[in-house]
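Trainee: With the sequence up front, the predicted model follows.
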Amino acid sequence: MYIEQHLLNKVTFLESPNFNERPKLDEIRLIIIHSICLPPKVYGEKYVEDFFLNKLSSSDHQYFEEIKGLKVSSHLYIKRNGELIQFVPFNKRAWHAGESSYKGVIDCNNYSIGIELEGMDDDFFTDKQYEILCKVTKEIIKNYPLINQDSIVGHSDVSPQRKTDPGDKFDWKRYLSAL
């Protein structure tokens, strides 16, 4: 796998409408790791893809009423089986971090790449997810020179009052040592 024109080759690309241009002065310098599953604790469905594409039907599950109308996206999504989907080119501003700041700089969406893992804060992630996450992270680091191991954080690090993902079960040591 390699990055060409800000897209991963040989990876499914489903273009989310939920993105915009990055501010001109902001260079990509941060990776934010997230976790998501829709509805909570339900794995293997297409609801996350539908959510990022604004196609989620609120009638499919009671929980979807709570998130109806939200416009969210991530650059990448890694399912529990290792399937990797890209929703936003890396040079575009995906809408994944929300109200956030890192090292005193607000609005992390302006300068970060968001990677969602199918999972919950209180669940373990799969070996296949770690394998794919490590491969894609190495490729991002190779292509975006301001990113290194010290500029990879969890959503909880940039939005500590609002978010807890990827959660305590995410194995940071395993992930970072594999890079």
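Mentor: Great, that's in hand. Numbers count the residues shown, from 1 in each chain.
Trainee: Could you check how far the residue sitting furthest away from the middle of the chain is from residue 65?
Mentor: Most distant from the centre of the chain: residue 59, at 25.5 Å, with distances by C-alpha atoms, centre = their mean. Applying C-beta to C-beta, to the nearest Å, the value for residue 59 to residue 65 is 9 Å. Glycine gets a C-beta too; all of them are placed from N, C-alpha and C.
Trainee: Can you identify the element that follows the longest helix seen in the chain toward the C-terminus?
Mentor: If you go by DSSP state H, the chain has its longest helix at helix 127-143. Where DSSP states H and E defines the elements, the next helix or strand beyond helix 127-143 is strand 152-154.
Trainee: Give me the sheet partners of that next one and which way each runs.
Mentor: Note on strand 152-154: by DSSP bridges, its sheet partners are strand 30-36 (parallel).
Trainee: Show residues contacting the helix or strand just after the strand it pairs with.
Mentor: Where DSSP H and E defines the elements, the next helix or strand beyond strand 30-36 is helix 47-52. Helix 47-52 is contacted by residues 14, 16, 18, 36-39, 56-57, 60-61, 64, 67, 70, 72-74, 77, 85, 87, 116, 118 when judged by C-beta atoms under 8 Å, 6 or more residues apart in numbering.
Trainee: Over to the most centrally placed residue in the chain. Which of the three states is it?
Mentor: Geometric centre of the chain, nearest residue: residue 115, 2.2 Å, by C-alpha atoms, centre = their mean. With DSSP: H, G, I helix; E, B strand; the rest coil as the basis, residue 115 sits in strand.
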